[in-house]
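Trainee: generate coordinates for the sequence data below:
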Amino acid sequence: MAYNSGFLTYVVLLSLVMALGIWFTYLRKKILLNTILLSVAVFLIGYSSYSMVVIRSLANPPMNQNSPDNVFSLLDYLNREQYGNHPLFYGQYYNAPEKQRVETTPIYAKLNDRYEIVQRKVKIKYDSRFYTFFPRMYSDAPSHVEIYKAYGDITGRPVMVVEDDNEEGSILYKPTFFENMRFFINYQLGHMYWRYFMWNFAGRQNDIQADGGILNGNWISGIPIFDAPRIGPQRNIPEHFKNDAGRNRYFMLPLILGLFGLFWQMQRDVKYFWVVMTLFFMTGIAIVIYLNQTPLQPRERDYAYAGSFYAFAIWIGLGVAAIYDILSRKIPAKAAAVFTLLCALSAPVIMAQQNWRDHDRSGRYTARDVAFNYLNSCAPNAILSTVGDNDTFPLWYLQEVEGIRTDVRVVNLMLLNADWYINQMKQAVYDSPPLPVTLPHEKYIRGTREFVYALNYYQDTIPLRNALHFIGSDDPNTKLLLESDVELNYIITRNFSIPVDTEKVISNGTVKPEDAALMIDTMFFRLPSSSLTKGEWMVLEIIASNNWERPVYWTSCRHSGTLGLDDYLQLEGLTYKLVPIKTSSESILNTGRIDSDTLYERLMNIFIWEGINNPNVWLDSHHLRTLSVVRARHAYTRLAMQLLDENKTERASEVLNKALELFPASKVRYDFYSLFQAEALYQAEMTDIANAELIGYADILLSEIAYYYSLPPVFFDSVQQQAELNVELLQRIIEISEEFGQMQIGEYIAKILSESRR
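Mentor: I've put the predicted structure just below:
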């Protein structure tokens with residue numbers, strides 16, 4: 001039957017059954033059954049609002065996540081299939097030996113106007129001895145296991161496991177249920193819920209994401225008796241820690257008011273107390289249980305529990321009534337009212353005073369500016385590969401809302417592993433033509449060529465285009481057949497070549513005419529890994545099919561590096577362009593050659609950094625981290641060093657002064673890249689400024705070290721690694737200063753460091 005016929009039949013039959021059922025039960029006066037059917041009908045009407053998702057997807061907008069334009073992709077969208085699933089009430093521990101993989105539910109996709117089974121979900125069966133009720137520690141990722149052991153204090157129970165009848169076997173230590181619950185209480189409840197709860201009603205240390213330890217993301221109250229036992233004495237913390245974004249101390253006033261209201265309502269009206277308590281529990285702890293989150297979430301998840309914080313706010317309101325009720329029995333009503341008013345105002349006043357600075361976002365345009373600078377780091381009609389959400393969404397905003405650089409095609413490398421996204425890349429968007437992907441949909445449909453293995457059978461180099469033809473072939477001879485009759489796609493070498501149309505790259509501006517002598521006619525590169533994801537080999541497909549028609553860029557050289565292309569990059573702002581000029585790099589910090597004229601024009605005349613150096617604009621840790629990740633300060637330093645190599649000292653000084661003006665240490669804290677900036681300042685003979693920068697950085701590191709070594713041993717363990725890193729940075733500062741004859745800096749650091757470690 002025709003595509004969507006089953007869905008339409010289902011909708012018609014469901015509507016008829018519901019209508020006839022409601023009509024029949026009404027006529028026969030079946031009140032209960034009629035009420036049930038009406039309730040289901042209202043539920044379906046409400047659920048029909050999801051039809052907007054399908055309608056929007058069918059309109060094929062530029063941003064069409066998951067492309068939910070049919071019932072199966074809509075189901076994946078609603079079930080959040082891309083995030084996987086996890087056990088809830090019964091499942092395995094993290095070290096459970098795998099016994100069997102079983103294919104289960106079919107996965108359908110639209111292919112040739114039909115629903116075709118393209119894959120089946122796989123269920124893993126584990127050793128039955130490693131299953132437990134209410135599993136909280138189930139992920140086998142090594143970083144997750146470390147957190148399980150730390151928060152669960154796991155010693156485990158020995159279990160003999162034999163992988164093969166011919167082997168002796170080994171002993172695995174299965175966590176006990178008590179250890180499982182200890183992790184649940186300490187981490188999933190304590191770290192991932194009660195910590196957030198206390199942020200809102202007691203206070204917050206800072207807005208830096210926490211994975212444990214005493215330095216970041218903890219709750220504080222401002223009352224030493226409550227804070228010092230958990231995160232160490234706060235009296236000696238460095239001044240810049242006191243000014244951290246998100247450092248809010250409420251002295252537990254909102255919490256105390258809420259507890260007053262909770263117990264007062266429990267005593268006065270137990271029925272409505274349980275109504276609020278149910279709301280509080282179901283939007284808080286119940287969500288913790290249901291989500292069963294793994295450790296090391298990509299961001300803080302406090303927003304997931306906002307409902308329970310609203311519920312507690314009800315008790316805060318009742319707390320005011322409780323105070324008046326208690327006081328009015330002891331003192332005159334007017335006096336009780338005045339005192340109650342003072343108590344009621346204390347919490348919002350202290351919260352406003354503490355929160356205003358870091359909640360005031362006026363003048364903060366870092367996300368937009370970085371996106372603008374990314375897009376304007378690209379030549380016309382460019383293909384720009386981005387990494388994740390923070391790299392991509394601001395660019396989409398600028399193109400969609402402000403119409404800026406709509407000629408640039410933004411390619412999210414994470415999404416490029418999905419067939420629906422590859423389909424969207426094959427369509428024209430804004431002023432950008434389709435990407436040159438020549439493969440038909442069935443070659444990369446979900447479940448097909450998810451990984452391609454790069455083997456070392458053949459050491460010689462083969463043309464990339466030939467390798468991609470081999471990957472895309474359906475000939476059985478181009479597959480590896482495993483014992484389980486599973487076919488794997490592969491290529492027999494990691495060494496590839498890409499021919500260069502030298503006339504074309506000159507004519508379209510990929511390479512300047514004056515750099516023509518530096519070009520090579522064939523690019524040779526080697527894959528650093530033994531496998532390619534679908535997104536990675538799709539990038540190679542785009543490069544090969546593009547044939548130098550459009551300039552190709554990356555926002556991060558880390559991702560061009562996974563393809564072995566780092567030696568063919570050119571830094572052009574905040575992005576790296578693929579060019580047929582080989583430039584070997586010693587590290588990720590100096591990847592790519594530099595065309596100083598192009599980079600100077602963009603950094604000095606085109607880029608915008610609005611509000612970053614404005615003392616009245618507050619930058620939180622996320623904005624500061626963004627500036628570090630995109631290496632904003634380092635881009636200016638690299639340009640200055642290139643200009644110095646070209647004996648353009650005056651221009652180099654301009655660039656360095658511009659960077660100091662845009663990213664002052666008072667707003668954008670010193671970091672590892674500041675050391676390279678200091679070296680450039682010395683080379684540009686800006687010695688006094690370089691000294692001031694190094695001493696300023698050293699003072700911060702020294703103040704932190706003094707704080708770390710003032711902590712009791714029980715707390716020092718969690719900061720020891722940071723203290724050692726600070727010492728290494730100080731040593732590097734001494735080396736740089738001595739290299740340029742500034743011995744007094746090293747003597748200054750050595751003196752203060754020895755005093756702080758006594």
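Trainee: for the nearest residue to Phe89 once chain neighbours are set aside, phi and psi?
Mentor: Distance criterion CB to CB, 6 or more residues apart in numbering; nearest residue to Phe89, sequence neighbours excluded, is Phe134 at 6.1 Å. The C-beta positions use only the backbone N, C-alpha and C, and glycine is treated the same way. Main-chain torsions, Phe134, degrees, to the nearest 10: phi 60, psi 60.
Trainee: same thing with Ser587?
Mentor: Torsion angles, degrees, to the nearest 10, at Ser587: phi -160, psi 170.
Trainee: distance of it from Ser710?
Mentor: 35 Å (CB to CB, to the nearest Å).
Trainee: do Ile185 as well
Mentor: Counting by CB to CB, the separation of Ile185 from Ser710 is 31 Å.
Trainee: give me phi/psi at the spatially most central residue of the chain?
Mentor: Most central in the chain under CA atoms, centre = their mean is Pro298, positioned 4.8 Å from the mean C-alpha point. Phi and psi for Pro298, reported as degrees, to the nearest 10, are phi -70, psi -20.
Trainee: list the contacts for it?
Mentor: Listed by CB atoms under 8 Å, 6 or more residues apart in numbering, Pro298 has no contact partners.
Trainee: touching, Met592 and Cys557? I think so.
Mentor: Rather than Met, residue 592 is Gly. Yes - under the criterion of CB atoms under 8 Å, Gly592 makes contact with Cys557 at 6.5 Å.
Trainee: when those two are compared, which one has more neighbours?
Mentor: Remark: of Gly592 and Cys557, Gly592 carries more neighbours, 23 against 20, as counted by other CB atoms under 10 Å.
Trainee: and that one, what's its pLDDT?
Mentor: pLDDT, Gly592: 90.
Trainee: measure it to Tyr47 for me?
Mentor: Gly592 sits 51 Å away from Tyr47, going by CB to CB.
Trainee: picking up where we left off before, higher neighbour count, Ser587 and Ser710?
Mentor: A direct count of neighbours by other CB under 10 Å for Ser587 and Ser710 places Ser710 higher, at 15 against 6.
Trainee: so what's the nearest residue to Asp127 once chain neighbours are set aside up against?
Mentor: What sits nearest to Asp127 in space, not counting adjacent residues and going by CB to CB, 6+ apart, is Pro97, at 4.5 Å. Residues in contact with Pro97 (CB under 8 Å, 6+ apart) are 126-127, 130, 161, 163, 172.
Trainee: contacts only, for Ser48.
Mentor: Counting by CB under 8 Å, 6+ apart, Ser48 makes contact with nothing.
Trainee: quick one: it is in a helix?
Mentor: Yes - Ser48 forms part of a helix when assessed by DSSP: H, G, I helix; E, B strand; the rest coil.
Trainee: and the helix or strand where Met160 lies, how far from the chain's centre?
Mentor: Using DSSP states H and E, the element containing Met160 is strand 157-161. Strand 157-161 sits 37 Å away from the centroid of its parent chain (CA atoms, centre = their mean, to the nearest Å).
Trainee: list the buried residues in that strand.
Mentor: Applying a neighbour-count criterion of 16 or more other CB atoms under 10 Å, one finds 159, 161 buried in strand 157-161.
Trainee: strands paired with the helix or strand just after it, and their directions?
Mentor: Scanning forward in sequence from strand 157-161 by DSSP H and E, the next helix or strand is strand 170-174. Using DSSP bridges, strand 170-174 pairs in its sheet with strand 157-161 (antiparallel).
Trainee: please work out the average pLDDT along the strand it pairs with.
Mentor: Here the average pLDDT along strand 157-161 is 89.
Trainee: ditto for stretch 565-573
Mentor: 93.
Trainee: likewise stretch 633-641?
Mentor: 95.
Trainee: and for stretch 486-498?
Mentor: Per-residue pLDDT over stretch 486-498 has a mean of 89.
Trainee: ok now it, how far from the chain's centre?
Mentor: Mean-position distance between stretch 486-498 and its chain equals 31 Å (CA atoms, centre = their mean).
Trainee: quick one: terminal-to-terminal distance for it?
Mentor: Start-to-end span of stretch 486-498 (CA to CA, to the nearest Å) is 31 Å.
Trainee: who touches that stretch?
Mentor: The contact list for stretch 486-498 (CB under 8 Å, 6+ apart) reads 449, 451-464, 467, 470-471, 476, 478-482, 522-527, 530, 543-544, 564.
Trainee: which of the residues you listed are buried?
Mentor: Buried, going by 16+ other CB under 10 Å: 449, 452, 454, 464, 467, 470-471, 523, 525, 527, 543-544, 564, out of those.
Trainee: among those residues, name the ones in strands.
Mentor: 452, 454, 523, 525 (DSSP state E).
Trainee: re the thing from before, ok, and the most crowded of the contacts of Pro97?
Mentor: Phe130 (21 neighbours).
Trainee: list the buried residues in the one helix or strand Lys149 maps to.
Mentor: Assigned by DSSP H and E, Lys149 belongs to helix 142-152. Neighbour counts over helix 142-152 (16+ other CB under 10 Å) mark 144-145, 147-149, 151-152 as buried.
Trainee: low-confidence regions, the stretch 301-450 of the chain specifically.
Mentor: Nowhere does the stretch 301-450 of the chain drop to pLDDT under 70.
Trainee: typo on my end, the chain
Mentor: Filtered on pLDDT under 70, the chain yields the residue ranges 164-168, 483-485, 756-758.
Trainee: list the contacts of the closest residue to Glu646 other than its chain neighbours.
Mentor: Distances taken as CB to CB, 6+ apart place Ser596 nearest to Glu646, at 6.2 Å, with adjacent residues excluded. Ser596 sits next to 639, 642-643, 646, 648 when contact means CB under 8 Å, 6+ apart.
Trainee: same thing with Val617?
Mentor: Listed by CB under 8 Å, 6+ apart, the contact partners of Val617 are 362-364, 611.
Trainee: also Gly746?
Mentor: Going by CB under 8 Å, 6+ apart, Gly746 touches 734, 737-738.
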